[in-house]
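> Could you look at this predicted model? Sequence included:
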Amino acid sequence: MSEFYNGWSTRETWAVSLHINNCEGFQNIVTEMKDESKDVHELALKLREFFEQLESDAMDHEVNRETKIMFTDIGSLWRVDWQEVAESFYE
């Protein structure tokens, strides 16, 4: 069964994109990742690794409160379509 949320494949995919696009720091990080990636697939892998590490840091209390709240907003990272998020930066 396919689930769509605000034009995205899942609510979690939408939430990741929303947080990236609403934070200049995240936008800069993703732009740098894109510039260093050979294609959209590589960017998708980098995004997934970045957010998984950031979530791990959040669980270890090594990030600020806003970052912890972001992961509460996003929910499960395993439901994020990283390819879709990466493609949105190539459009």
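Ah, there it is.
> Is the residue nearest the centre of the chain within a helix or a strand, and which one?
Among the residues of the chain, the one closest to the centroid is residue 16, at 4.1 Å (Cα atoms, centre = their mean). Using DSSP states H and E, residue 16 sits in helix 11-21.
> And the helix or strand of the chain with the lowest mean pLDDT, how far out from the chain middle?
Taking mean pLDDT, DSSP states H and E as the measure, the chain has helix 65-74 as its least confident helix or strand, at a mean of 89. Helix 65-74 sits 12 Å away from the centroid of its parent chain (Cα atoms, centre = their mean, to the nearest Å).
> Can you pull out the residues in contact with that helix?
For helix 65-74, contacts defined as Cβ atoms under 8 Å, 6 or more residues apart in numbering pick out 12, 15-16, 19, 54-55, 57-58, 80. C-beta here means a position set from N, CA and C on the backbone, and glycine is covered the same way.
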